[in-house]
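**Student:** For reference, the sequence and a predicted model appear below.
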Amino acid sequence: MRYNHAAQVVRPVTTMPTNDSKALLELRHGTRDFALAPLPAIEIQHAWFKVARSRAWNTLAIVPVNDTVSGLTLAQGMGQMAGQEPGARVLVVDASIRGCEPGGRRTSPLDAPAELDDLGSILSEGIHGRFDFMDFSLLPADDAERALALGPQLLDYASGEGSRYSTVIMAVDSPLTQTRSIPAARAADAVILCLGLHDTTFSECGEVIEMVGREHILGSIVVRP
């Protein structure tokens, strides 16, 4: 008995990418970009993982004990690290105003900041592809003081319900020389103290701890002046 089988031609099936597959490709591309982006110094990376271990906070103030050091490099480095977290949107604020000049460093003058919305003009988005950056040091000295006075409101707004930011990191001046830094530091969920190597005394540390509130302090980091 003979059987005749019809020949079957199997052709490859071509499908168009779905929205889910497109999203996956974008995620892979974004992950590859993050993997290739430069990271801050290894010491800052280690400090970030220690600080982020508990993550019982959304807002963080970097507070130098005295004016021999700045907390900005640490704040920006931690902003880079925070920006690697899935779905993170990070804001880093340079609220150090000790270098502000009467005329400011902007090419065009700003109206004196009286409300949070006025600070939008000193906001730069997507620095290093990791965080947004707000720079009070661009402002004239008087306006910078007004901006710093808005610091507690900024922290509350930027990390509140419905905000675009998951993490806000603010670098301020030493409370020993700039008392307007104290309300901003107290308004943050957590504080890191910056100590200058060979340039910070126990007495200065004690004063700053009492000013910002011992209960907010996560720890301290020694940096080179």
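**Tutor:** Received the coordinates, thanks. Numbers count the residues shown, from 1 in each chain.

**Student:** Report the contact partners of Gln153.
**Tutor:** When contacts are counted by CB atoms under 8 Å, 6 or more residues apart in numbering, Gln153 touches Leu116. Where you see a C-beta, it was placed from the backbone N, CA and C, and this is true even at glycine.

**Student:** Please read the previous query as pertaining to Gln178.
**Tutor:** Ile97, Arg98, Leu148, Val172.

**Student:** how about it, secondary structure?
**Tutor:** coil (DSSP: H, G, I helix; E, B strand; the rest coil).

**Student:** how near is it to Asn66?
**Tutor:** 11 Å (CB to CB, to the nearest Å).

**Student:** before we move on, what about Leu155?
**Tutor:** 23 Å.

**Student:** Pick out whichever of the two has more residues nearby.
**Tutor:** Leu155 (26 against 21; other CB atoms under 10 Å).

**Student:** Give me the phi and psi angles of the residue sitting nearest the centre point of the chain.
**Tutor:** Geometric centre of the chain, nearest residue: Val92, 3.2 Å, by CA atoms, centre = their mean. Per-residue torsions, Val92: phi -110, psi 130 (degrees, to the nearest 10).

**Student:** So Ala188 sits against Ile62, correct?
**Tutor:** No - contact criterion CB atoms under 8 Å: Ala188 and Ile62 do not qualify, at 9.2 Å.

**Student:** Can you give me the pLDDT of Ala6?
**Tutor:** Ala6 is assigned a predicted lDDT (pLDDT) of 44.

**Student:** So what touches stretch 42-57?
**Tutor:** Applying CB under 8 Å, 6+ apart, the set of residues contacting stretch 42-57 is 39, 60, 73-74, 77-78, 81-82, 188-190, 192, 218-219, 221.

**Student:** if we go to 10 Å?
**Tutor:** Stretch 42-57 has contacts (CB atoms under 10 Å, 6 or more residues apart in numbering) with 39-41, 60, 73-82, 84-85, 159, 167-169, 188-192, 216, 218-219, 221-223.

**Student:** Name the residues of stretch 206-213 that come out as buried.
**Tutor:** For stretch 206-213, the neighbour count (16 or more other CB atoms under 10 Å) marks Glu207, Val208, Ile209, Met211, Val212 as buried.

**Student:** Let me know the average pLDDT across that stretch.
**Tutor:** Mean predicted confidence for stretch 206-213 is 96.

**Student:** before we move on, back to that, buried among the contacts of Gln178? Need that as a selection in PyMOL.
**Tutor:** Applying 16+ other CB under 10 Å to the contacts of Gln178 leaves a buried subset, and the PyMOL line that selects it is:
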select buried, resi 97+98+148+172
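
**Student:** For Leu139, state which of the contacts of Gln178 is nearest.
**Tutor:** If you rank the contacts of Gln178 by distance to Leu139 using CB to CB, Ile97 comes first, at 7.6 Å.

**Student:** wait, what's in contact with that closest one?
**Tutor:** 136-137, 139-141, 143-148, 172-173, 178, 180-181.

**Student:** any chance of the buried residues of stretch 206-213 in JSON lines, plus distance to His128?
**Tutor:** What follows is those, written out as JSON lines (distance: CB to CB, whole Å):
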{"residue": "Glu207", "distance to His128": "35"}
{"residue": "Val208", "distance to His128": "30"}
{"residue": "Ile209", "distance to His128": "32"}
{"residue": "Met211", "distance to His128": "32"}
{"residue": "Val212", "distance to His128": "28"}
